[in-house]
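Asks: Sequence and computational prediction follow.
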Amino acid sequence: MFQFNFDVGEGTDEVTITDLIRNLSPESKEVLAPSSIQQTAEPFSELSLDSLLEALPTQISYSLLAIPLSDGKELKLARRDLFDARFQLISEGTDHPESTDQTPESKSNTNSALQFLDNPSDLVPLVYEGGLKTWECSLDLANYLNSTGHGSNTKPTRILELGCGTAVPTLYILHEIFSSQPAGETETHIHLQDYNASVLQLITIPNVVLAWYSSPAAEEYRNSESYESVDSELNITPQLFSAFKTSLQNHGIHLRFFSGSWDTFDLNSTGGRYNLVLTSETIYHPKSLLGLIRVMRDACVAPSWGNVGEEVHQYLCLVAAKTVYFGVGGGIAEFIRCVEETIGEQASRSQVEIVWDESIGVSRKVMSVRWA
């Protein structure tokens, strides 16, 4: 278990792994005991949009996340409050052993989610990978997308965000699409992947709905009689679902959600390669780099499954990360080395380019990867 404490909105002091273990509650130590940690990675699985929407509570609480942009402006995106996600789990009885509404596996997953909602910065490999938090580099990636105009183009696009968590880069893209006129014949396929299915349910899908709700595309719904305005709270109703799905259809947006480890990611099931591959704060653990690199490379340059076209495939692969993740072993140098070793003899034709960097404070960069 480790913690690198560069989250956005809930500042904490950096601590060492030893400090973390020493300060754990008895309940946390039990969760992290060798016998209780999964020894195998979560398998690849798809969660349907309808199932995620149906799992939402009747109301969600949210706050605004400010993203500083390179042009000096500031973009504010709505994101679900962590305390609200925790309240949902408690109100559903998932923290009570006597609850009989869930299977043992489901109860274990939701209880784990409760544990890490209390300590969302704590990372436990093969159990919880930090998706409940908004990490700093996800804002950097959204800023870079804004500076380059990605998200506002109207070309048919397939987008994949790996290790999405709160999905800030995708929320930016959705904000741009929902702020524009309906797409006509243009279609955008947006796929969101996170290791934990509970993160997709508790954080990702609420944030996606909020991105629509706070956009011009939801103006008609907000002005309708079925909408009741409450500051920082959104009522979840069948009317909201209907309006949300109508906006998705009008703007040509197709959403899919996947959970599980990168080692098990099934590109064939997702429809093949992508035009835009995004990931942020995912290179902190050296042991997971090979799986991440394989997915990113295949998502960009794998043979066409027939749905992207036979012309030269255009793609952009962006990785946002801190230069070094102290106490963990990962970082940009290790990522580049791993890319070169993975590609092998073709490394000379692969390229990792730093396209954005921040040297003030914690060193952070955005990299563009061209695969051989």
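Replies: Received it, and whenever you're ready, just let me know what you need.
Asks: use CA for all of it now, contacts and neighbours both
Replies: Will do.
Asks: and Gly331, what is it in contact with?
Replies: 283-284, 321-325 (Cα atoms under 8 Å, 6 or more residues apart in numbering).
Asks: which ones among those residues are found in strands?
Replies: Using DSSP state E to define strands, the subset of the contacts of Gly331 located there is 321-322.
Asks: give the contact list for the residue nearest the centre of the chain.
Replies: Within the chain, the residue whose C-alpha comes closest to the C-alpha centroid is Cys164; the distance, by Cα atoms, centre = their mean, is 1.2 Å. Counting by Cα under 8 Å, 6+ apart, Cys164 makes contact with 131, 192-194, 204, 279-280.
Asks: so where's the stretch 201-350 of the chain uncertain?
Replies: Filtered on pLDDT under 70, the stretch 201-350 of the chain yields the residue ranges 225-229, 304-311, 343-349.
Asks: now the helices: where do they sit in it?
Replies: 205-213, 219-222, 238-250, 267-270, 289-301, 332-343 (DSSP state H, counting those that start in this stretch).
Asks: Packed most tightly, which of the ones you listed would that be?
Replies: Most buried of these, by mean neighbour count (mean count of other Cα atoms under 10 Å): helix 205-213, with a mean of 23.
Asks: would a markdown table of the helices of the stretch 201-350 of the chain with distance to Ser91 be doable?
Replies: Listed next are those as a markdown table, based on distance: least, Cα to Cα, whole Å:
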| stretch | distance to Ser91 |
| --- | --- |
| helix 205-213 | 17 |
| helix 219-222 | 27 |
| helix 238-250 | 21 |
| helix 267-270 | 34 |
| helix 289-301 | 36 |
| helix 332-343 | 42 |
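Asks: So for Phe83, which of these sits nearest?
Replies: helix 205-213 (13.5 Å; Cα to Cα).
Asks: what's around Tyr274, how many residues?
Replies: For Tyr274, the count of nearby residues is 28 (other Cα atoms under 10 Å).
Asks: Contact partners for it?
Replies: With contact set as Cα under 8 Å, 6+ apart, Tyr274 has these partners: 157-160, 299-300, 315.
Asks: Ala302 too?
Replies: Contacts here follow Cα under 8 Å, 6+ apart; on that basis Ala302 touches 272-273.
Asks: returning to what we had before: between the contacts of Tyr274, which is nearest Leu56?
Replies: Nearest to Leu56 among the contacts of Tyr274 is Leu160, at 23.2 Å by Cα to Cα.
Asks: Let me know the average pLDDT across the helix or strand encompassing that closest one.
Replies: Leu160 belongs to strand 157-162 when elements are defined using DSSP states H and E. The average pLDDT within strand 157-162 is 96.
Asks: what packs against it?
Replies: Using 3 or more Cα pairs under 8 Å, 6 or more residues apart in numbering; DSSP states H and E as the contact criterion, the secondary-structure elements in contact with strand 157-162 are strand 188-194, strand 276-280.
Asks: Run the chain-centre distance for the first one.
Replies: Going back to what we said before, that points to strand 188-194. Centroid separation for strand 188-194 versus its chain: 9 Å, with Cα atoms, centre = their mean, to the nearest Å.
Asks: Show me what that strand is packed up against.
Replies: Secondary-structure packing of strand 188-194 (3+ Cα pairs under 8 Å, 6+ apart): strand 157-162, strand 253-259.
Asks: quick one, what contacts Thr237?
Replies: Thr58.
Asks: ok, it to Ala85 distance?
Replies: Going from Thr237 to Ala85 by Cα to Cα, to the nearest Å gives 18 Å.
Asks: what's the answer for Leu210, then?
Replies: 14 Å.
Asks: same check, this time on Ala217
Replies: On the measure of Cα to Cα, Ala217 and Ala85 end up 25 Å apart.
Asks: Number of residues surrounding the closest residue to Ser232 other than its chain neighbours?
Replies: Of all residues not flanking Ser232 in the chain, Tyr62 sits nearest, at 5.2 Å (Cα to Cα, 6 or more residues apart in numbering). By the other Cα under 10 Å criterion, the neighbourhood of Tyr62 contains 20 residues.
Asks: what sits opposite Tyr62 in the beta ladder?
Replies: In this entry, Tyr62 is beta-bridged to Arg80, by DSSP bridges.
Asks: Tell me the spacing between it and Ala211.
Replies: Tyr62 is 11 Å from Ala211, where distance means Cα to Cα.
Asks: Mutual contacts of those two, please.
Replies: Taking Cα under 8 Å, 6+ apart as the contact definition, Tyr62 and Ala211 share the neighbouring residues Ala78.
Asks: still on that earlier bit, would a markdown table of the contacts of Gly331 with neighbour count and distance to Ser359 be doable?
Replies: As requested, the contacts of Gly331 are exported to a markdown table (neighbours: other Cα atoms under 10 Å; distance: Cα to Cα, whole Å):
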| residue | neighbour count | distance to Ser359 |
| --- | --- | --- |
| Ile283 | 26 | 19 |
| Tyr284 | 24 | 18 |
| Ala321 | 29 | 12 |
| Lys322 | 24 | 10 |
| Thr323 | 22 | 10 |
| Val324 | 18 | 12 |
| Tyr325 | 19 | 15 |
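Asks: No more questions from me, cheers.
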